[in-house]
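*Asks:* when you get a sec, could you give me coordinates for this:
(2 chains)
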Amino acid sequence: MTDRNMLVMGAVAYAPKVVTIWEGFRQFFEANGLPFDFVLYSNYERQVEALFDGSIHVAWNSPLAWLRAERMGKAVGKPVSTIAMRDSDRDLTSLIVVRADADIRQIADLSGRTVAVGAVDSPQATLLPLYCLHRQGIKAGEDFAIQRHDQLGGKHGDHIGGEREAARALLAGKADAACMIAGNHLLFTNEGTLPAGSTRILAETPRYDHCNFTVAADAPPSLVARMRELLLGMSWEDPALRPLLELEGLRQWMPERVEGYRDLDAAVDVFGFYDPSGNITCVDYHY
Amino acid sequence: MCSGSTTLRATLPVSTITIERLDAAGALLLKRALRNLPPGESLMVTGDSPELAAHLAAWCRARGHCWQTSEVPHLLGSIHPGSLDQRRWQGALTTGALASGGVADRAEPRWGLAARGAHVEASAPAFHFPLSDKVMIWANEAPKLYAQAVAAQWNPDEAIDWTQPIELPEDIEAAVVQVMTYLIENENAALLVPARFLAQMHPHFREVMQLLAIQVADEARHIEVFTRRIALKGHQPALSTAGGQASLKTLLDTPDFAIALFLLSVLGEGTFVNLLNFLSAHAPDPITRQVARLAAQDEARHVAFGMAHLQYQLAQDPALRDRLANAIEQRFESLATTDGLNEEVMDALLLLAAGSWLPAALLAGQEKVMALQQDMTAGRRLRLVKLGFPEAQAARLADLHTRNFM
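*Replies:* Sure, this is the predicted structure:
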């Protein structure tokens, strides 16, 4: 069990910058009276499990990891909570795009086609767009084929590579549609991966939310409260913090909210990614 | 923050922009429009591209702007600009001014590599340049000397006629090769010493940095022409003595910029100007005379900067004069156990000034070398007096200078 006089947070090391970010925030927390340390995990699954074995008090979680923690917490009677998220985690959308000249005008036209997605565990590039199609009446694997672009399993799509590969497959004619977060469609268009005018948006998912800080039921409440207070008080104008905030991709930490995870929760059930107790039920998921 | 689910029903756009797509050009137009927006107002966006709405939402989110989609026909939505972009530049550091009069007394580590006069974002990293105080670096003549240095650059291929026929007796050619060998090792020191300090210098002191950079390039060119002169007749470099290298090593081991400049430029290169002028007058072939003349012109500029900086620093820190005197004494002491005198070089100088082995010619050569040494000492004494040393001390210190010349 971790020291209750120090708050220990888990983060997934999806890129080297994660060390810079959390070492910087650790110093900020320490300087502001919060004893704080962090542990890096190579994947979200092990990090979520660590919330329940006492290794960590808080996890900087993907939305999928939040949902698994929520399910596990309910199953074992240790419900998790959340304390904050980035401003950039709110109200995201994903796109299903086709080539501009494709004879695919509506979602039903995807029947019999191939849809390129990101990693199997990517909320934004796989689970949410496929759920969007599912709700509109066409089913992955039955009505259309899925072409997966798995990169760095267990990182829940934090790595952009899978989405870029899906976009390239679309452009190369190896897939008829591709799924990606809207911001990456803009990025791919501007960087030339998808030349301007080469693709057309077929559908856009409803808005959803992304990462959050997930708190274990037995985390020391005063330290958690102090962390939340310090996070929400971080200022973009602070020259020592701004580079860290920029690296983490936010301008401002926002209060927690959980309603933005509803569609992903439903997608997890529909595609059988986790069972209601948080066990991994997706058969070809490797991390 | 705003909620992205808000939709816009009202019309009456105050500022409206139409963009085709949100590529780099579209984003530039958008940023300009947002910059010009009256405080508190929103920017309406119209455009026909079907992907624009999704892109605008993502673009705004990444920049902390609020995006509201519209239900008004032909209007995609509106951007209410966040204040974070402007706040990035609050507390930005000012860094003096572009002109030489705008040099600060002390350059701050966070000014970093920015152009002097630029505004530096407050979160910029600190650069630790050991030479960051104006008094330690500056010379009021630096801008003028830099301009002169740029104007006086010469191309060894064009400035020297390497095709001139040279047929010297083998002994005399060997003496020239020995002198060139000696010059190269001295120029190596004259290149590396300022280069080391250049890397320690805060770029805020632009003119001095540029001047030292050209000085380094000058020495590189000198090394080239002396090397080419050695190779002209198919020779390899000749001898390098322990005493000569020990003397030069004391220059490379000097950690203080003012002292290094004093020993290298004021005393060493000043002495070298005499030597190069001597070669320019007495060398036995036109190519050697030419390369010596060109190098002497450059070296004179290096001496001028050394003098100008030390005069500047001494005016504010007269105690520096004692440190400079001590540096000469210490260097003399540390070289006392070496002969310091490069006998092969002195013999070669005499021989090439003589031009032949005839006794009368050798006698004349000897007199020329003695006159050179007297000129060197007198020059050093004069420069020391210009730096404010009393006559008697200047004369004594001028005599203590290394017999290796540099």
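*Asks:* what's around B:Asp218, how many residues?
*Replies:* Around B:Asp218 sit 25 other residues, with neighbours defined as other Cβ atoms under 10 Å in any protein chain shown. C-betas here are computed from N, CA, C, even on glycine.
*Asks:* meant to ask about A:Ala11
*Replies:* For A:Ala11, using other Cβ under 10 Å, the count is 21.
*Asks:* ok, what's across the strand from it?
*Replies:* Bridge pairing for A:Ala11 (DSSP bridges) gives the partners A:Leu40.
*Asks:* OK, contacts around it?
*Replies:* Listed by Cβ atoms under 8 Å, 6 or more residues apart in numbering or on different chains, the contact partners of A:Ala11 are A:Val18, A:Trp22, A:Phe38, A:Val39, A:Leu40, A:Tyr41, A:Gln47, A:Ala59, A:Trp60.
*Asks:* quick one: contacts for B:Val225?
*Replies:* B:Val225 makes contacts with B:Pro156, B:Ile160, B:Val291, B:Leu294, B:Ala295, as judged by Cβ under 8 Å, 6+ apart.
*Asks:* from the chain's centroid, how far away is stretch B:315-334?
*Replies:* Chain-centre distance of stretch B:315-334: 24 Å, with Cα atoms, centre = their mean, to the nearest Å.
*Asks:* mind listing what's buried in it?
*Replies:* For stretch B:315-334, the neighbour count (16 or more other Cβ atoms under 10 Å in any protein chain shown) marks B:Leu320, B:Arg321, B:Leu324, B:Ala325, B:Ala327, B:Ile328, B:Arg331, B:Phe332 as buried.
*Asks:* would you list the residues you listed in TSV and tack on distance to chain A?
*Replies:* Below are the buried residues of stretch B:315-334 laid out as TSV (distance: Cβ to the nearest Cβ, whole Å):
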residue	distance to chain A
B:Leu320	37
B:Arg321	42
B:Leu324	41
B:Ala325	46
B:Ala327	42
B:Ile328	47
B:Arg331	46
B:Phe332	51
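*Asks:* follow-up on the earlier one: any idea which of the contacts of A:Ala11 is least confident?
*Replies:* Among the contacts of A:Ala11, A:Val18 has the lowest pLDDT, at 94.
*Asks:* dump the residue contacts of it.
*Replies:* A:Ala11, A:Val12, A:Leu40.
*Asks:* one more: A:Ala182?
*Replies:* Contact analysis of A:Ala182 by Cβ under 8 Å, 6+ apart lists A:Leu92, A:Thr93, A:Ser94, A:Leu95, A:Glu204, B:Ala54, B:His55, B:Ala57, B:Ala58.
*Asks:* next, it: phi, psi?
*Replies:* Note on A:Ala182: its backbone torsions stand at phi -60, psi -40 [degrees, to the nearest 10].
*Asks:* need the residues of chain B near chain A, please.
*Replies:* Applying Cβ under 8 Å from any Cβ of the partner chain, one finds that chain B approaches chain A through B:1, B:3-5, B:21-24, B:50-51, B:54-55, B:57-59, B:61-64, B:82, B:84, B:87-88, B:90-91, B:121-123.
*Asks:* now for residue 251, how many residues are close by?
*Replies:* I'll assume chain A. The number of residues near A:Arg251, taken as other Cβ under 10 Å, comes to 25.
*Asks:* the intended chain is chain B.
*Replies:* B:Leu251 has 21 nearby residues by other Cβ under 10 Å.
*Asks:* isn't it up against B:Ala260?
*Replies:* Yes: between B:Leu251 and B:Ala260 there is a contact at 6.6 Å, judged by Cβ atoms under 8 Å.
*Asks:* near chain B, which residues of the stretch 51-200 of chain A? Just list them.
*Replies:* When proximity is defined as Cβ under 8 Å from any Cβ, the stretch 51-200 of chain A approaches chain B at A:87-88, A:90-93, A:95, A:181-183, A:185-186, A:189-190, A:196-197, A:199-200.
*Asks:* max-length helix in chain B?
*Replies:* Longest helix in chain B, counting residues (DSSP state H): helix B:286-316.
*Asks:* show residues contacting the next helix or strand after that one.
*Replies:* Sequence order places helix B:320-334 as the next helix or strand after helix B:286-316, per DSSP states H and E. When contacts are defined by Cβ under 8 Å, 6+ apart, helix B:320-334 is touched by residues B:250, B:254, B:256, B:258-259, B:262-263, B:267, B:310, B:313-314, B:387-389, B:393, B:397, B:400-402.
*Asks:* switch the cut-off to 7 Å
*Replies:* Helix B:320-334 is contacted from outside by B:250, B:258-259, B:262-263, B:313-314, B:388-389, B:393, B:397, B:400-402, using Cβ atoms under 7 Å, 6 or more residues apart in numbering or on different chains.
*Asks:* between the residues you listed, which is nearest B:Gly40?
*Replies:* Of all these, B:Gly40 sits closest to B:Gln313, with 54.4 Å by Cβ to Cβ.
*Asks:* any idea how far that closest one is from B:Asp256?
*Replies:* In this view, B:Gln313 and B:Asp256 are 11 Å apart by Cβ to Cβ, to the nearest Å.
*Asks:* between the two, which one's more packed in?
*Replies:* Neighbour count, other Cβ under 10 Å: between B:Gln313 and B:Asp256, B:Gln313 has more, with 24 against 15.
*Asks:* about what we covered before: between the contacts of A:Ala11, which is nearest chain B?
*Replies:* Nearest to chain B out of those is A:Trp22 (Cβ to the nearest Cβ; 17.8 Å).
*Asks:* surely that closest one is in a helix?
*Replies:* Yes: checked against DSSP: H, G, I helix; E, B strand; the rest coil, A:Trp22 lies within a helix.
*Asks:* how about the contacts made by it?
*Replies:* By Cβ under 7 Å, 6+ apart, the contact set of A:Trp22 is A:Ala11, A:Phe38.
*Asks:* low-confidence regions, chain A specifically.
*Replies:* Counting by pLDDT under 70, chain A shows low-confidence ranges at A:1-2.
*Asks:* what's the domain layout of chain B?
*Replies:* Under the assignment automatic domain parsing, the domains of chain B span B:7-85, B:89-128, B:134-400.
*Asks:* show me what counts as buried in stretch A:32-49.
*Replies:* Buried, per 16+ other Cβ under 10 Å, within stretch A:32-49: A:Leu34, A:Phe36, A:Phe38, A:Val39, A:Tyr41, A:Asn43, A:Tyr44, A:Glu45, A:Gln47, A:Val48, A:Glu49.
*Asks:* now, these that are in strands?
*Replies:* The strands, defined by DSSP state E, take in A:Phe36, A:Phe38, A:Val39, A:Tyr41 from those.
*Asks:* how about the strands in the stretch 51-200 of chain A?
*Replies:* A:58-61, A:81-82, A:84-86, A:94-99, A:114-117, A:145-148, A:177-181, A:199-204 (DSSP state E, counting those that start in this stretch).
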